[in-house]
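> Based on what follows, work out the 3D shape:
(2 chains)
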There are 2 protein chains.
Amino acid sequence: MNLRSIEEKEFFPGFKGKFVHGKSISWAFWDVKKGAKVDLHKHYHEQIMHVIDGEFEFTLSDETKIYRSGDIVLIPSNIEHSGTALTDCKLMDVFSPAREEYK
Amino acid sequence: MNLRSIEEKEFFPGFKGKFVHGKSISWAFWDVKKGAKVDLHKHYHEQIMHVIDGEFEFTLSDETKIYRSGDIVLIPSNIEHSGTALTDCKLMDVFSPAREEYK
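Residues are numbered from 1 along each chain as shown, chains lettered A, B, ... in the order given. Modelled structure (predicted):
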């Protein structure tokens, strides 16, 4: 399959994502509009976030930082996190186990 | 952490990789030299391969194809696979569980 042919879904306002799901992995490719936010939330899935492009303000537990191209953040299971796109952003997220609710 | 500051390791000749490990996920960022090969192998870790750039000839089970920018391949647990870089390539691989041998 090719990223170009995967249908984009807008799970949160301003977050358009393409998803690839294995048995135990979900890989999300996000196009995020400037100003879009994901509220504080947590999940038992481990997550690794990778900023491809743009500036993304991200809070993990009680630490808030601005992440940019090449930055990678480990988000352990059940740790609260939230984020705001300070510019249009391209992000990738990898999850394990797979995110059934994004299938 | 940032990709630029992660040390590159050459686990196979011509495959220089940067690795990010979570508890149950490993994410590999590869720079592959034209002509470099990974022999047929398998592992119990599920894998998702994503070609960022270049042409990568990849065999999964008994199917061989050439993959290019944007292509994504699901490699189930314990299925044999091999690959050859037809050009210099940039690839990403995500694994779950984590690849302890790449830590």
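
> Which strands and helices lie in contact with the worst-scoring helix or strand of chain A on mean pLDDT?
The weakest-scoring helix or strand in chain A, judged by mean pLDDT, DSSP states H and E, is strand A:9-12 (a mean of 91). If you count contacts as 3 or more CB pairs under 8 Å, 6 or more residues apart in numbering or on different chains; DSSP states H and E, strand A:9-12 packs onto strand A:15-21. The C-beta positions use only the backbone N, C-alpha and C, and glycine is treated the same way.

> now the strand it packs on: mean pLDDT?
For strand A:15-21, mean pLDDT is 97.

> Show me which positions of that strand end up buried.
Residues A:15-21 are the ones in strand A:15-21 that count as buried (16 or more other CB atoms under 10 Å in any protein chain shown).

> any chance of these in a markdown table, with distance to residue A:77 too?
Compiled in a markdown table, these are given as follows (distance: CB to CB, whole Å):
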| residue | distance to residue A:77 |
| --- | --- |
| A:15 | 21 |
| A:16 | 26 |
| A:17 | 21 |
| A:18 | 24 |
| A:19 | 20 |
| A:20 | 21 |
| A:21 | 18 |
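
> for chain B, what are the nearby residues on chain A?
Residues of chain A found near chain B (CB under 8 Å from any CB of the partner chain) are A:1-4, A:20, A:22-25, A:27, A:46, A:48, A:50, A:70-74, A:76-77, A:94-97.

> which of the residues you listed count as buried?
Among those, the ones that count as buried by 16+ other CB under 10 Å are A:20, A:22, A:24-25, A:27, A:46, A:48, A:50, A:70-74, A:94-97.

> which one of the buried residues of strand A:15-21 sits closest to residue A:38?
Nearest to residue A:38 among those is residue A:15, at 6.8 Å by CB to CB.

> dump the residue contacts of the closest one.
Residue A:15 makes contact with A:30-33, A:36, A:38, according to CB atoms under 8 Å, 6 or more residues apart in numbering or on different chains.

> again, only this time at 7 Å
A:30, A:32, A:36, A:38 (CB atoms under 7 Å, 6 or more residues apart in numbering or on different chains).

> any idea which of the residues you listed is the one closest to residue B:101?
For the contacts of residue A:15, the residue nearest residue B:101 by CB to CB is residue A:30; the value is 30.4 Å.

> surely the closest one meets residue A:17?
Yes. Residue A:30 is within contact range of residue A:17, at 4.8 Å (criterion: CB atoms under 7 Å).

> what about dumping the CA coordinates of stretch A:66-82 to CSV?
Coordinates of each C-alpha in stretch A:66-82 appear next as CSV, following Å, rounded to 0.1, in the frame of the first residue of the first chain:
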residue,chain,number,x,y,z
ILE,A,66,8.0,22.8,21.7
TYR,A,67,9.1,20.1,19.4
ARG,A,68,10.3,20.5,15.9
SER,A,69,11.6,18.6,12.8
GLY,A,70,13.4,15.4,13.9
ASP,A,71,12.2,15.5,17.5
ILE,A,72,11.0,12.2,19.0
VAL,A,73,9.1,11.7,22.2
LEU,A,74,8.5,8.5,24.1
ILE,A,75,5.0,8.4,25.7
PRO,A,76,4.8,5.6,28.1
SER,A,77,1.6,3.7,28.7
ASN,A,78,-1.0,5.6,30.8
ILE,A,79,0.9,8.9,31.0
GLU,A,80,-1.3,11.9,30.4
HIS,A,81,-0.4,14.1,27.4
SER,A,82,-1.8,16.9,25.2
